[in-house]
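here are the coordinates; sequence isn't available:
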């Protein structure tokens with residue numbers, strides 16, 4: 001499940017005032033569904049949001065979370081499924097992997113920290129990172145102590161800063177690498193993980209074929225904005241999944257949006273001059289994915305019309321967009337497009353999986 005959906009659920013549960021258990025995967029081995037840094041939320045009634053497995057461990061994890069809610073102390077749970085002959089815990093998972101999970105209580109009295117700040121960082125514009133102490137012999141940093149970097153406490157608070165100072169280096173490392181890691185040293189076990197902002201997609205053009213693009217991206221938990229210069233196109237209830245729908249003057253796109261905050265932009269107004277105006281403003285950006293709908297000849301015409309800006313954009317602009325899945329409908333084209341964007345943002349090659 002997407003982090004965006006988990007955050008929305010968190011905000012709903014906050015309003016009840018009930019305590020919540022935050023479960024964080026902090027170590028894995030072998031073949032597992034999730035990796036270190038994966039988080040889910042669990043309520044006292046065993047309701048949960050998120051996944052640490054394909055759905056086979058969550059029920060047991062929810063039961064164990066009840067004990068954590070009762071005594072308020074953090075706990076660590078290990079699921080070792082590497083012995084194929086053993087239906088461990090009677091679950092019969094057969095994933096051939098090991099998952100270690102850290103459980104901690106989020107209380108209203110503590111403003112549901114640290115997840116309240118973590119949620120905010122996922123919805124921010126810049127990446128950050130976090131360190132959570134899982135096991136500790138250090139009385140100044142007991143299990144559950146969490147540092148969010150850049151710092152989530154006042155720099156003037158010398159006592160807190162001194163205690164957390166030894167975690168800053170690890171936070172900086174994962175902020176640079178973008179990958180989680182688990183460290184055991186100095187009498188502590190700590191999970192360091194990046195907090196990457198939820199992917200943001202800008203759809204330039206609100207035609208009927210934009211509807212499945214917005215729908216699929218929203219289902220993935222992406223933050224989607226739709227822009228068009230035609231008011232009637234934006235008046236479509238099927239864009240309900242979008243974070244915003246904005247009426248724009250194409251030549252003033254950069255006034256209405258901070259383009260650098262988007263991870264991907266798809267230009268699909270189906271109007272040559274309008275697409276040209278959009279692309280002229282995107283040519284100077286460092287947005288990881290920029291695509292334009294249409295055949296190769298149309299893209300080449302657009303680049304030629306852009307002149308020098310087109311020369312700078314040529315190597316970066318995707319078109320035709322999407323992965324080759326035999327798409328032949330607005331929905332399958334949208335699936336192909338979103339799959340390509342996802343692959344680009346994740347640094348994947350988009351080829352068939354061959355690993356076991």
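Done, it's in. Bear in mind that the values here come from a model prediction, so they are computed numbers and not experimental data. Numbering: from 1, shown residues only.

tell me where the chain has helices.
In the chain, the helices defined using DSSP state H lie at 3-14, 58-71, 115-122, 158-177, 210-219, 231-234, 253-256, 272-282, 296-306, 308-313, 330-346.

mean pLDDT, mean neighbour count and distance to residue 29 for the ones you listed - can I get that in TSV?
C-betas here are computed from N, CA, C, even on glycine. Output for the helices of the chain, formatted as TSV (pLDDT from 0 to 100; neighbours: other C-beta atoms under 10 Å; distance: least, C-beta to C-beta, whole Å):
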stretch	mean pLDDT	mean neighbour count	distance to residue 29
helix 3-14	94	17	24
helix 58-71	91	16	18
helix 115-122	95	19	25
helix 158-177	84	16	19
helix 210-219	96	21	31
helix 231-234	96	13	50
helix 253-256	94	14	48
helix 272-282	96	20	43
helix 296-306	96	16	46
helix 308-313	92	15	44
helix 330-346	96	19	22
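
for residue 319, find the nearest of those helices.
With C-beta to C-beta as the measure, helix 296-306 is the member of the helices of the chain nearest residue 319 (3.8 Å).

and the closest one, what other elements does it pack with?
Using 3 or more C-beta pairs under 8 Å, 6 or more residues apart in numbering; DSSP states H and E as the contact test, the elements touching helix 296-306 are helix 272-282, strand 289-292, helix 308-313.

check which helices and strands the last one sits against.
It refers to helix 308-313. helix 272-282, helix 296-306.

how far away is the spatially closest residue to residue 250 that is not a sequence neighbour from residue 205?
Excluding the flanking residues, the one nearest residue 250 by C-beta to C-beta, 6 or more residues apart in numbering is residue 277, at 4.2 Å. Distance of residue 277 to residue 205, computed by C-beta to C-beta, to the nearest Å: 12 Å.

go on, residue 145?
In terms of C-beta to C-beta, residue 145 sits 48 Å off from residue 205.

for residue 324, same thing?
23 Å.

tell me which of these two has more neighbours.
More crowded of residue 324 and residue 205, by other C-beta atoms under 10 Å: residue 205, with 24 against 9.

mind listing what that one touches?
Residues in contact with residue 205, defined by C-beta atoms under 8 Å, 6 or more residues apart in numbering, are 227-228, 233, 266-270, 274, 293.

got phi/psi on the residue most central in space within the chain?
Centroid check for the chain by C-alpha atoms, centre = their mean gives residue 198 as the closest residue, at 4.2 Å. Dihedral pair for residue 198: phi -60, psi 140, per degrees, to the nearest 10.
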